[in-house]
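Engineer: Make a model of this:
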Amino acid sequence: MPDSEDAEDAEDASCPGVYFQELMKELRDRVEPRIRSDGSGRTDVMKIVALMNRAFAGELPLLPSGEDYWIAMEETGRQAIAGQVHHELQARGCLEHLPDDFLSFLQARRREQSLYNLILKAEADRVLFVLERRGIRTIVLKGTWLSRRLYGSDGVRGTSDIDLLVAREDLPAACERICAELGYAGMPYDPNSPYHAELVRTLPGRNLEFRVELHWNLVKPDFFRLDCRPMWERAQRLPDYGSVFELSEPDLFYTLCLHGAKHGMSSLRNVLDLEAMLRVFADRIDYNELFRRARREETYGMVVMALSVAYRLFPHLHAVKPFEACRTWFPWNQRLAWKREAGYRRYQGGMTYYVQRTVFELAKFDRNRYRYRYLYGLLFPKRAAAKSKRRIFQKG
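Structural biologist: Prediction:
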């Protein structure tokens, strides 16, 4: 029989309750008038988003003034998306319509990112070789592999670390071998850690740091019931490897939604990943199957909120793949969302930023008890962390 908590929460297991939606609508009505609009009813004001939308629609000019391009340049640089922007504009024949300064900036930043990705790919190969030699089954996540799948090149999508998925029982051995053979260091393996371990290696005298994240799960298990076993069953072996795999297209799309929602869709890199994924693999993504799985694993809110942001920022996606579950009742401004990514502890715009962020976080949970748990963590972080470790230990 289900426990009492499950019985109490059965009615809200897949989406926010009626009262919650009513409350969020009221908050949106109060908040959105304070968010600048671009004049078209849209609530994002990032110039680079406006530029990309006009490029996707084949409209010229891409931006109305030189000042707008300077703003777009700053936004692109701070979010490390120059490679993706350059690739999409080049594919649509838009480079010749850019001011020289903006084009030079995109080209220079893409070259820099390509070089760094080349270095990171070589380091990732060393890590995978160690795991392969020890017979540790591994799935590559994001990084240069994602760049190649979405854009056809290792150097387009910016990346800063090496993300890998391993079985939980293999995590101690994987950490030990990487540290022993490659000189990485990190926190001692904690069997009760939320879902991953971090290892770091610094090259002396070169101001270069490599970071490896070994995941045994992709989200916190005390908020969601994600089952990674089907991902292993459907994973495709990478060429030249025996025990290294990459995710199937449906699983890759699912994990991109989870990753973006986990970080509050604060980076345009995540949004552009979803946009590219839908354009390249739309015929391999089944929304009905995705939503059934998400409801079963209590990640429905995560998936729908991530996709809602992507579709609201890039409306042409509705023509690529219709998304009837798109949520428009929550306030959204991508410039505000990025304040989280930029490390802002206090945002001078007042409560608008905090309301938007809190609304998003509450809306991505499928059960009221998870929302209460999240709010408890905000008020009592140390107590919440201790309770989280106990829950993870009891699960497993």
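Engineer: Longest helix in the chain, by number of residues?
Structural biologist: helix 100-133 (DSSP state H).
Engineer: In that helix, which residues are buried?
Structural biologist: 102-103, 105-106, 109-110, 113-114, 117, 120-121, 123-125, 127-128, 130-132 (16 or more other C-beta atoms under 10 Å). For the C-beta atoms, the positions are set from N, CA and C on the backbone; glycine is no exception.
Engineer: Same check on stretch 68-85?
Structural biologist: Applying a neighbour-count criterion of 16+ other C-beta under 10 Å, one finds 68-73, 75-76, 79-85 buried in stretch 68-85.
Engineer: residues in contact with that stretch?
Structural biologist: In this structure, residues lying in contact with stretch 68-85 by C-beta atoms under 8 Å, 6 or more residues apart in numbering are 46-48, 50-52, 63, 98-99, 101-102, 105-106, 109-110, 113-114, 147, 151, 155-158, 160, 267-269, 272, 276, 338, 341-342.
Engineer: now the strands for the stretch 51-200 of the chain?
Structural biologist: Using DSSP state E, counting those that start in this stretch, the strands of the stretch 51-200 of the chain run over residues 138-141, 162-166, 185-186, 196-203.
Engineer: For Q236, which of those strands is the nearest?
Structural biologist: strand 138-141 (9.6 Å; C-beta to C-beta).
Engineer: Identify the residue nearest R109 in space, chain neighbours excluded?
Structural biologist: For R109, ignoring the flanking residues on the chain, the nearest one in space by C-beta to C-beta, 6 or more residues apart in numbering is A82 at 3.5 Å.
Engineer: Return the per-residue confidence for that neighbour.
Structural biologist: Looking at A82, its pLDDT reads 96.
Engineer: how far away is it from R237?
Structural biologist: 32 Å (C-beta to C-beta, to the nearest Å).
Engineer: now do H86
Structural biologist: H86 is 32 Å from R237, by C-beta to C-beta.
Engineer: So which of these two has more stuff around it?
Structural biologist: H86 (23 against 11; other C-beta atoms under 10 Å).
Engineer: Which residue, other than its chain neighbours, is closest to that one?
Structural biologist: L106 (4.3 Å).
Engineer: what's near enough to touch that neighbour?
Structural biologist: Contacts of L106 (C-beta under 8 Å, 6+ apart): T76, A82, V85, H86, L89, L98.
Engineer: Let me know the secondary structure of the residue nearest to K321 when sequence neighbours are not counted.
Structural biologist: In space, and not counting its chain neighbours, K321 is closest to A282: 4.7 Å by C-beta to C-beta, 6+ apart. Assigned state for A282: helix (three-state reduction, DSSP: H, G, I helix; E, B strand; the rest coil).
Engineer: next one: E213
Structural biologist: E213 ends up strand, using three-state DSSP.
Engineer: wait, isn't it in contact with S160?
Structural biologist: No - using C-beta atoms under 8 Å, E213 makes no contact with S160, being 10.4 Å away.
Engineer: so who does the one residue sitting closest to the centre of the chain touch?
Structural biologist: Central residue of the chain (C-alpha atoms, centre = their mean): G260, 2.5 Å from the mean position. Applying C-beta under 8 Å, 6+ apart to G260 gives the contacts S267, N270, V271, D273, L274, A306, V309, A310.
Engineer: go on, A276?
Structural biologist: Remark: with contacts taken as C-beta under 8 Å, 6+ apart, A276 is in contact with Q84, L150, Y151.
Engineer: Okay, and it sits in which element?
Structural biologist: Assigned by DSSP states H and E, A276 belongs to helix 268-281.
Engineer: Could I have the CA atoms of that helix written out in PDB?
Structural biologist: Output of helix 268-281 as PDB, limited to C-alpha atoms (Å, rounded to 0.1, in the frame of the first residue of the first chain):
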ATOM      1  CA  LEU A 268      20.800  30.600 -22.800                       C
ATOM      2  CA  ARG A 269      23.200  27.800 -23.600                       C
ATOM      3  CA  ASN A 270      20.600  25.400 -22.200                       C
ATOM      4  CA  VAL A 271      17.800  27.000 -24.100                       C
ATOM      5  CA  LEU A 272      19.700  26.800 -27.400                       C
ATOM      6  CA  ASP A 273      20.500  23.200 -26.700                       C
ATOM      7  CA  LEU A 274      16.800  22.400 -26.500                       C
ATOM      8  CA  GLU A 275      16.100  24.500 -29.600                       C
ATOM      9  CA  ALA A 276      18.800  22.700 -31.600                       C
ATOM     10  CA  MET A 277      17.700  19.300 -30.300                       C
ATOM     11  CA  LEU A 278      14.100  19.900 -31.400                       C
ATOM     12  CA  ARG A 279      15.200  21.000 -34.900                       C
ATOM     13  CA  VAL A 280      17.700  18.100 -35.400                       C
ATOM     14  CA  PHE A 281      15.800  15.200 -33.700                       C
END
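Engineer: Packing partners of whichever helix or strand comes after that helix?
Structural biologist: For helix 268-281, the succeeding helix or strand toward the C-terminus, using DSSP H and E, is helix 287-296. Counting by 3 or more C-beta pairs under 8 Å, 6 or more residues apart in numbering; DSSP states H and E, the packing neighbours recorded for helix 287-296 are helix 249-262, helix 300-313.
Engineer: Would you enumerate the residues in contact with L63?
Structural biologist: L63 neighbours (C-beta under 8 Å, 6+ apart): K47, A50, L51, R54, Y69, A72.
Engineer: do that again at 7 Å, thanks
Structural biologist: Residues in contact with L63 (C-beta atoms under 7 Å, 6 or more residues apart in numbering) are K47, A50, L51, Y69, A72.
Engineer: so how far is H97 from it?
Structural biologist: Distance from L63 to H97, by C-beta to C-beta: 10 Å.
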